[in-house]
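Q: sequence first, then the predicted structure:
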Amino acid sequence: MNKYIVLVIFLIGSSLYSQDFDNMVEKLIEENIDEIIELRHWFHQNAELSNREFKTAERIKNELIKIGYKPASGVAKTGVVAILNEGKEGPVVGLRADIDGLPIKERVDIPWASNMTGVYNGEEVPVMHACGHDMHTAILLATAKILYKLKEQIPGQVKFIFQPAEEGAPVGEEGGAELMVKEGVLKNPDVDAIFGLHVGSGFNVGNVAVRPKGIMAAVDEFRIDLKGKQTHGSRPWDGIDPIVTAAQMINSLQTIVSRNLELTEAAAVITVGAIHGGVRSNIIPEDLYMLGTIRTLRPSMRKTLLKRFEQVVLNLAEANNVEAKITYGTSYPITFNQPELYENMLPTLRRVNKPENVIFLNARTGAEDFSFFQQEIPGMYFFIGGSKEGVDPRTVLHHSPDFYVDDTAMQTGIRSMVALTLDFISKK
């Protein structure tokens, strides 16, 4: 009989997995680490854009088949899903990794740098993994391999979800976690709880950062179209000026956060990131548009902010005789760690990573579509450190050409995902 299965049989009788069991999982990680690193490097070199992760999905599928799974592909366009112990009685755990890259030209000097290109907004662009999704994918494949070795002794099922388009589907397309949920990825079997992680260049390797309740913000992207009356810049009284109106709106929108929200409870942000209008210095244009984003960490604050946002825009437009239209784009819910699940699983993260390495994280105003899974079932999302001691995190920022996280971070991710899965199933 396989030596690992013998040890599991001995240990499974206890309500919680022991230190000896954790050591066994650690040994399995060490035995497979070279292969895991090779996989991460391959995914990094072959970065692909959202809903276009064709090579990535094919490699994931083939690796799962090699392990012994029967994966489904083409889920939510380019996603891959596999189930451990399909049909077995007991709890069902979901584990998720995002797989898409970004339209960024890599500047990091590594042998496995990406030279991939793709089409974004109709233009050919360079593509790189500038947010760590290559590492997330390799971590989940390694977790799938380790859990497969232990499958006979796991009293439940595990659903591995390799999700495309976390960075956002192309214009006019559906995608990401929202589409996966719509297609029923949390059903058949019905998932009881889901776990996801994100490597962070702002944390040291070995660290785990987590918090209960809102860990990442809801996002509501917006476009404001203003229409006035064009005239000569020397005679503004003959026209209706959308630029002056836009300036008033930008300033007034900032007062919503500072004057209408209880900021001691949670953060909120309104950013106008683009304004387009006019062609010459002496022409007041007929129209312009602005693009921006709203971030909130409490549902009640989101409701208040959106209501006040529309009031400010529409009332200022009316005051200036300008026509205004608001259009909402990408919208994600709050990434919300259910408190009960958090309290039950925090001891697991502390046990396998050492208590001093698990830190309480202040909520982030970035957004994550893992939140769509958490809208349906209890979920927990956490960060693992990706930078070696001494690295200035400002030099390896996410979504930048210089983004870099170290291979050694993956061991923290694998041990955490394996332990969370086994402990949840044993406690359930």
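A: Ah, there it is.

Q: please write out the alpha-carbon positions of stretch 345-358 in CSV.
A: Extracted C-alpha coordinates of stretch 345-358, given in CSV (Å, rounded to 0.1, in the frame of the first residue of the first chain):
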residue,chain,number,x,y,z
MET,A,345,-10.5,28.3,8.9
LEU,A,346,-8.1,31.0,10.4
PRO,A,347,-6.6,28.4,12.8
THR,A,348,-5.8,26.2,9.7
LEU,A,349,-3.8,29.0,8.1
ARG,A,350,-2.0,29.7,11.4
ARG,A,351,-1.2,26.1,11.9
VAL,A,352,0.4,25.3,8.6
ASN,A,353,2.1,28.7,8.1
LYS,A,354,3.0,29.5,11.7
PRO,A,355,0.9,32.1,13.6
GLU,A,356,3.5,34.9,13.3
ASN,A,357,3.3,34.7,9.5
VAL,A,358,-0.5,35.1,9.3
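
Q: what average pLDDT does it get?
A: Throughout stretch 345-358, pLDDT has a mean value of 98.

Q: list the buried residues in it.
A: Within stretch 345-358, the residues scored as buried using 16 or more other C-beta atoms under 10 Å are 345-346, 348-349, 351-353, 357-358. The C-beta positions use only the backbone N, C-alpha and C, and glycine is treated the same way.

Q: with stretch 65-81 instead?
A: Neighbour counts over stretch 65-81 (16+ other C-beta under 10 Å) mark 67, 69, 71, 75-81 as buried.

Q: this protein: helices as residue ranges?
A: 3-11, 19-45, 54-67, 133-149, 176-182, 242-260, 299-319, 339-353, 371-376, 409-427 (DSSP state H).

Q: and these as a markdown table, adding distance to L288?
A: As requested, the helices of the chain are exported to a markdown table (distance: least, C-beta to C-beta, whole Å):
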| stretch | distance to L288 |
| --- | --- |
| helix 3-11 | 65 |
| helix 19-45 | 40 |
| helix 54-67 | 39 |
| helix 133-149 | 35 |
| helix 176-182 | 30 |
| helix 242-260 | 5 |
| helix 299-319 | 12 |
| helix 339-353 | 45 |
| helix 371-376 | 32 |
| helix 409-427 | 44 |
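
Q: note down every partner strand of the longest strand along the chain and its orientation.
A: In the chain, with assignment by DSSP state E, the single longest strand is strand 193-204. Strand 193-204 sits in its sheet next to strand 92-98 (parallel), strand 379-387 (parallel), going by DSSP bridges.

Q: wait, which of those is closest to S201?
A: Closest of these to S201 is strand 379-387, at 5.0 Å (criterion: C-beta to C-beta).

Q: one step back: what angle do the longest strand of the chain and helix 133-149 make?
A: Comparing the axes of strand 193-204 and helix 133-149 via axes from the mean of the first three to the mean of the last three C-alpha atoms, to 10 degrees yields an angle of 130 degrees.

Q: how about the CA coordinates for strand 193-204, as CSV?
A: Extracted C-alpha coordinates of strand 193-204, given in CSV (Å, rounded to 0.1, in the frame of the first residue of the first chain):
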residue,chain,number,x,y,z
ALA,A,193,-17.6,26.7,0.4
ILE,A,194,-15.0,28.1,-1.9
PHE,A,195,-11.4,29.3,-1.3
GLY,A,196,-9.3,31.6,-3.4
LEU,A,197,-5.9,33.3,-3.1
HIS,A,198,-3.8,36.0,-4.6
VAL,A,199,-0.1,36.5,-4.6
GLY,A,200,0.9,39.9,-3.5
SER,A,201,4.2,41.7,-4.3
GLY,A,202,3.7,43.9,-1.3
PHE,A,203,4.1,41.0,1.2
ASN,A,204,7.2,38.9,2.0
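
Q: and the angle for it with helix 339-353?
A: Going by the same axes, to 10 degrees, strand 193-204 makes 50 degrees with helix 339-353.

Q: what average pLDDT does strand 193-204 get?
A: Across strand 193-204, the average pLDDT comes to 97.

Q: how far is it from where the chain is centred?
A: Computed by C-alpha atoms, centre = their mean, to the nearest Å, the chain-centroid distance of strand 193-204 equals 9 Å.

Q: what is the burial count for the residue nearest to W112 when sequence neighbours are not counted?
A: Using C-beta to C-beta, 6 or more residues apart in numbering and skipping the chain neighbours, the partner closest in space to W112 is H41 (4.0 Å). If you count neighbours by other C-beta atoms under 10 Å, H41 ends up with 17.

Q: just to revisit the earlier point, okay, and which of the buried residues of stretch 65-81 map to strands?
A: Residues of these located in strands (DSSP E): 75, 79-81.

Q: okay, the residues you listed in TSV with pLDDT and distance to N260 next?
A: Shown next, in TSV, are those (pLDDT from 0 to 100; distance: C-beta to C-beta, whole Å):
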residue	pLDDT	distance to N260
V75	98	41
G79	98	39
V80	98	44
V81	98	43
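
Q: now, among those residues, which is nearest to E340?
A: When these are compared for distance to E340 (C-beta to C-beta), V81 wins out at 26.3 Å.

Q: so what's that closest one bridging to?
A: Under the criterion used here (DSSP bridges), V81 is bridged to A72, I161.

Q: residues of stretch 116-136 that come out buried?
A: Result for stretch 116-136 [16+ other C-beta under 10 Å]: buried residues 116, 118, 120, 126-136.

Q: what's the end-to-end length of it?
A: End-to-end distance for stretch 116-136: 19 Å, by C-alpha to C-alpha, to the nearest Å.

Q: what about the stretch 151-300 of the chain, any weak spots by pLDDT?
A: Along the stretch 151-300 of the chain, the model assigns pLDDT under 70 to no residue.

Q: okay, strands next: where are they in it?
A: 157-163, 193-204, 208-210, 213-216, 218-227, 231-232, 268-277, 283-284, 287-296 (DSSP state E, counting those that start in this stretch).

Q: which one of those lies nearest to G184?
A: Closest among those, using C-beta to C-beta: strand 157-163, at 11.5 Å.

Q: do I have it right that I194 meets V92?
A: No. Taking C-beta atoms under 8 Å as the definition, I194 is not a contact partner of V92, at 9.6 Å.

Q: now go through the buried residues of stretch 116-136 and say which are in strands.
A: Short answer: the buried residues of stretch 116-136 in strands (DSSP E) are 116, 118, 120, 126-127.

Q: lowest-confidence entry in the residues you listed?
A: pLDDT across these is lowest for Y120, at 94.

Q: that older thread, from the helices of the chain, which stretch is densest packed?
A: helix 133-149 (a mean of 25; mean count of other C-beta atoms under 10 Å).
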